[in-house]
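Engineer: return atomic coordinates for the entry below.
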Amino acid sequence: MDFVSPVLEVASLICNCVGDRADHLRRLPQNLISLRAAMEKLNNVYKDVKERVEREENLEKKRTHVVDGWIGRAEAMEKEVNELLDRCDEENQKKCFGTCCPRNCRASYKLAKMVREKMDAVAELQSEGSNFQEVAAPLPSPHVIERPLTEKPVVGLDSPFREVWGLLQHKQVGSIGIYGMGGVGKTTLLKKINNKFLQSSIKAFDIVIWVVVSRPTNLERVQETIRSRLQIPDDRWKGSEDDKATEICRILKTKKFVLLLDDIWEPLDLLRVGIPPLGDGNQSQSKIVFTTRSADVCGGMAAQKSIKVECLEDKEALSLFQAKVGEDTLNSHPDIPKLAEMVAKECKGLPLALIVIARAMASAQTPEEWESNLKKLRLYPKDVAGTENDLFSVLAFSYDILPDEATKSCFLYCSLFPEDYQIPSEHLIQLWIGEGFLDEYDDIQEARNQGGKITQMLKHACLLEVGKLNGEYLKMHDVIRDMALWLACEKGKKKNKFVVKDGVGLISAQEVQKWKDAQRIALWNKTRIEELREPPCFPNTETVIVRMMFTFPSSLFINMSVIRVLDFSNNKTLKLLAPEIGNLATLQYLNLSSTMIKYLPIELKKLKKLRFLMLDGLSLVGPLPNQLVSSLSSLQLFSMKSFISMLTIDEIMLLEELEQLEHINDISIRLTSIRSIQRLFESHKLRRSTTSLQLTRCKGVNQVQLVSPSCIKELVLERCYELEEVKIIHFEKQVVPSKFRNPQCCFNHLLSVRINSCINLLNLNWLIHAPKLQYLDILNSQTIEKVIEDERSEGSEIESGLSVFSRLVCLNLFNLPKLESIYEHPLPFPSLRQITVEECPRLKKLSFDSRICMSKKLENINGQQEWWDGLEWNDQTLMHNLTPILSTPWEPIKC
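Structural biologist: Numbers count the residues shown, from 1 in each chain. Purely as a prediction, here's the structure:
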């Protein structure tokens, strides 16, 4: 019987093998179902990863190699699985007649085994895709970023530029200090040095880093600027100041760098920042160049070479002065050139003073005006001790010749903002109105218009500068700001009349007591106030601006008997509004926008003199107090848009409360239902007062009817997924949204329109009725083929003098897959400064005619090179003229 055991073993192995194959075949139907389900999960993960990648790439990041490889493998896996499923379906059709057995067991077994293996592979791929922590990384930054020169022509800096540039070629010189009085051109010189590195022939350094230090010196801000240029990732930017300095030092030791530090007011400890000592390794060729007003700082910074920027020689000063005054004024009378020379000499060769005074004199067309202004200029003392006072005595002339006290107050008010701060012009003008500077205008819109004129006047006088976004922001040069504070504090006699604290840390209670005579208080950026034992008294305080403070005692505001303006906007640390707010009986302006306040206290009802209430961007978790709005009997302006509420705001009740207000004439509001929209437009008072309307997530709304005439300046349609068309009605009469305007139906005040994620909206023909439209954003619409459709076939003609989009300044088109044209026929776009086109693959023509180049207004065309190359042009000359202003890759710029 010994032969039986081997036979049984062989039989057992055969049975196991056959059984294993039979098991594969038996499980095949269920495994096919499981494979399809697994593939569906993988596809969902694939879509999620792709969406994350696309979002990151829109933020100018590049997908990682790991993620890119996974996407490729996922796409290949989908193809392989589909092919396998097709083969299984074919094999399933080949079963023996009348049975469920496969004709070819071997082939079926192989397929069944492949299905099992694919199930495991798909599951593994899905798991890998679900665990990506990072899908993209920032693109490498250029070795140098160009710095725009704001004043042209640049006069008198050739000699110091050649000297500094020559020193940068010397191996023995590592650090260079540039010093001189304020406004002499130090920053302009440093910008010229920075831009020199843009030349392709100069490749001696790996990276050029520009940092504005300003005052008070903020080490954290300096480190953050350097971190941004070095692109240090978040996971390596943790811990203390020393840890961050270590990380900066680690990276800079591997590079030959140039560090340009602008506007240093006190010696900066470079080791604490993380700058490695110059002299060893790569640092033997690295350079540091900085600007300061003090030669002592050059010594404190151990500069190996110090270069003083002198004021201009008489000839250079006169050349700069004449260029800024302008030929028209200089040629308006034979005596004026000589008088101009005399005025230029009074500026003592200081470039900033020359520019400011020249701008002030540019409109003086007669010798008498020049003689009168020259006499005023000479009345100011010239030998006041200290550089700052010498400068201020010259610059104050530009202030003194401002036309009225309101304009002067508006100018001094700008000094409440920190140095180098980008001041939103609209917000600034609103503050001016709240302060009462423009009270002579009963209508808020008229006051806004006058505020706009004042900002232009101050810019032309070089007392304000154009900030970012084409003038939507303003800047104040630090010298001008110092002069403004000096004047606001009565030329230094009342030190605390204007109190401005920026990033100073903890303020003691004793220091707060010194503010008792303050007229205006502005606290910025991580400033803290020590707990007060007793409420301080501020009998003269009219203004309090608080931004990004860690803490501030509620008792600070109890004894402000004449407070007029309280601005907490953009203060993300403010979570609770104290009930004591109701004690501020004189308060007229309250801005709580973009704070973290969850509840509005009922005590707000006591503010019977309140004229301005801004509640934009709040994250309320409770309803508005009952009858709060209608209790504010003096209210003129109410703004509550872009808010996030855990509860549904009773929009109808809110509108009814607004309607009860006697003086209301400026409403900005977000609505979410057709009933609310109808209620607003049914009321003549609400329609007349609404200046900003945001329609968001209006469910079940396929048509919106806008009633004309209207005072709406800003219109936002967002996530109204079922919206198909917008129609305009004039009272009870409906208007076809045609491009042939009816003057009665024009939205003459409408300046800004934003359409976002209205996926069924067919066209925007109704924009024809907005002749003054300046800003247009259209995003994420799947159906729009033409912004405005051509209806010329109906036999109508465009009315004379009413050009389509004649006032449009900025146009953004994003993710419009069916968009084919902006307008059927070419338009001049005489005001257009910028157009951005992204993800609009069918837009093959821009509706530009040749006159767009004649206007010389268009500054930027933002879009992908591939899209630009695929455009069709009727006039090739136009394409060649516009190509230099194309910006790629696309950078999103908000209108």
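Engineer: low-confidence ranges in the stretch 1-150 of the chain?
Structural biologist: Counting by pLDDT under 70, the stretch 1-150 of the chain shows low-confidence ranges at 1-25, 60, 92-108.
Engineer: so which residues of it form helices?
Structural biologist: Along the stretch 1-150 of the chain, counting by DSSP state H, counting those that start in this stretch, helices occupy 4-58, 65-92, 105-130.
Engineer: quick one, the last one and helix 65-92 angle?
Structural biologist: In this case it means helix 105-130. Calculated by axes from the mean of the first three to the mean of the last three CA atoms, to 10 degrees, helix 105-130 forms an angle of 150 degrees with helix 65-92.
Engineer: quick one on the thing from earlier: what's the most buried one of the helices of the stretch 1-150 of the chain?
Structural biologist: Across the helices of the stretch 1-150 of the chain, averaging neighbours per residue (mean count of other CB atoms under 10 Å) puts helix 105-130 on top, at a mean of 17. C-beta here means a position set from N, CA and C on the backbone, and glycine is covered the same way.
Engineer: same for it, what does it pack against?
Structural biologist: For helix 105-130, the elements it packs on are helix 4-58, helix 65-92, judged by 3 or more CB pairs under 8 Å, 6 or more residues apart in numbering; DSSP states H and E.
Engineer: which one of those lies nearest to Gly434?
Structural biologist: Between Gly434 and the helices and strands packed on helix 105-130, the shortest gap by CB to CB is with helix 4-58, which sits at 37.6 Å.
Engineer: any chance of the helices and strands packed on helix 105-130 in a markdown table, with distance to Pro216 too?
Structural biologist: Below are these laid out as a markdown table (distance: least, CB to CB, whole Å):
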| stretch | distance to Pro216 |
| --- | --- |
| helix 4-58 | 36 |
| helix 65-92 | 43 |
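Engineer: tell me which of those helices sits nearest to Leu350.
Structural biologist: Of all these, helix 4-58 sits nearest to Leu350, with 45.8 Å by CB to CB.
Engineer: tell me which of the helices of the stretch 1-150 of the chain lies nearest to Ile755.
Structural biologist: helix 4-58 (18.6 Å).
Engineer: so which of the helices and strands packed on helix 105-130 is nearest Trp873?
Structural biologist: Relative to Trp873, the nearest member of the helices and strands packed on helix 105-130 by CB to CB is helix 4-58, separated by 27.5 Å.
Engineer: returning to what we had before: now render the helices of the stretch 1-150 of the chain as CSV, adding distance to Ile454.
Structural biologist: As requested, the helices of the stretch 1-150 of the chain are exported to CSV (distance: least, CB to CB, whole Å):
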stretch, distance to Ile454
helix 4-58, 38
helix 65-92, 52
helix 105-130, 57
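Engineer: and those: which comes nearest Gln445?
Structural biologist: Gln445 lies closest to helix 4-58 among the helices of the stretch 1-150 of the chain, at 36.4 Å (CB to CB).
Engineer: shaky segments in the stretch 151-300 of the chain?
Structural biologist: Within the stretch 151-300 of the chain, the stretches with pLDDT under 70 are 151, 153, 181, 200-202, 280-283.
Engineer: just the strands in it please.
Structural biologist: Taking DSSP state E, counting those that start in this stretch, the strands of the stretch 151-300 of the chain run over residues 175-179, 207-212, 257-264, 287-292.
Engineer: hey, where'd the helices end up in the stretch 601-750 of the chain?
Structural biologist: Counting by DSSP H, counting those that start in this stretch, one finds helices in the stretch 601-750 of the chain at the ranges 628-631, 651-660, 674-682, 684-689.
Engineer: which elements pack onto the second one?
Structural biologist: This points to helix 651-660. Applying 3+ CB pairs under 8 Å, 6+ apart, one finds that helix 651-660 contacts helix 628-631, strand 666-671, helix 674-682, helix 684-689.
Engineer: please identify the most buried of those.
Structural biologist: Counting by mean count of other CB under 10 Å, the most buried of those turns out to be strand 666-671, with a mean of 24.
Engineer: that one pairs with which strands, and in what direction?
Structural biologist: Using DSSP bridges, the strands paired with strand 666-671 in its sheet are strand 637-640 (parallel), strand 690-696 (parallel).
Engineer: reformat these as a markdown table; add mean pLDDT.
Structural biologist: Converted to a markdown table, the strands paired with strand 666-671 look like this (pLDDT from 0 to 100):
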| stretch | mean pLDDT |
| --- | --- |
| strand 637-640 | 94 |
| strand 690-696 | 93 |
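Engineer: those strands into JSON lines, with extra columns for distance to Leu613 and mean neighbour count?
Structural biologist: Compiled in JSON lines, those are given as follows (distance: least, CB to CB, whole Å; neighbours: other CB atoms under 10 Å):
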{"stretch": "strand 637-640", "distance to Leu613": "5", "mean neighbour count": "23"}
{"stretch": "strand 690-696", "distance to Leu613": "14", "mean neighbour count": "22"}
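Engineer: so which of those strands is nearest Asn665?
Structural biologist: Minimum separation from Asn665 across those (CB to CB) falls at strand 637-640, 7.7 Å.
Engineer: now that closest one, how far from the centre of its chain.
Structural biologist: The chain centre lies 22 Å from the centre of strand 637-640; the measure is CA atoms, centre = their mean, to the nearest Å.
Engineer: could you do stretch 210-218 as well?
Structural biologist: 21 Å.
Engineer: how close does Leu658 sit to Asn874?
Structural biologist: 51 Å (CB to CB, to the nearest Å).
Engineer: the more surrounded of the two?
Structural biologist: The residue with more neighbours, out of Leu658 and Asn874, is Leu658; 22 against 11, by other CB atoms under 10 Å.
Engineer: still on that earlier bit, closest to Met596 out of the helices and strands packed on helix 105-130?
Structural biologist: Evaluated with CB to CB, the helices and strands packed on helix 105-130 place helix 4-58 nearest to Met596, the distance being 25.7 Å.
Engineer: setting aside sequence neighbours, what's the nearest residue to Glu56?
Structural biologist: In space, and not counting its chain neighbours, Glu56 is closest to Ala136: 3.5 Å by CB to CB, 6 or more residues apart in numbering.
Engineer: what's the neighbour count on that neighbour?
Structural biologist: Counted with other CB under 10 Å, Ala136 comes out at 20.
Engineer: what residues are up against it?
Structural biologist: Contact analysis of Ala136 by CB atoms under 8 Å, 6 or more residues apart in numbering lists Arg52, Val53, Glu56, Glu57, Lys61, Lys62, Arg63, Thr64, Val67.
Engineer: now, among these, which is nearest to Tyr775?
Structural biologist: Nearest to Tyr775 among these, with distances taken as CB to CB, is Glu57, at 25.7 Å.
Engineer: what sits closest to that closest one if chain neighbours are left out?
Structural biologist: Ala136 (6.3 Å).
Engineer: again, but for Glu859
Structural biologist: In space, not counting the residues next to it along the chain, Glu859 is nearest to Arg833; the distance is 5.1 Å by CB to CB, 6+ apart.
Engineer: against Arg448, how distant is the one you found?
Structural biologist: Distance of Arg833 to Arg448, computed by CB to CB: 21 Å.
Engineer: ok, Tyr109 next?
Structural biologist: From Tyr109 across to Arg448, the span is 81 Å (CB to CB).
Engineer: before we move on, back to that, just so I know, which of the helices of the stretch 601-750 of the chain lies nearest Val837?
Structural biologist: Closest to Val837 of the helices of the stretch 601-750 of the chain is helix 674-682 (CB to CB; 30.9 Å).
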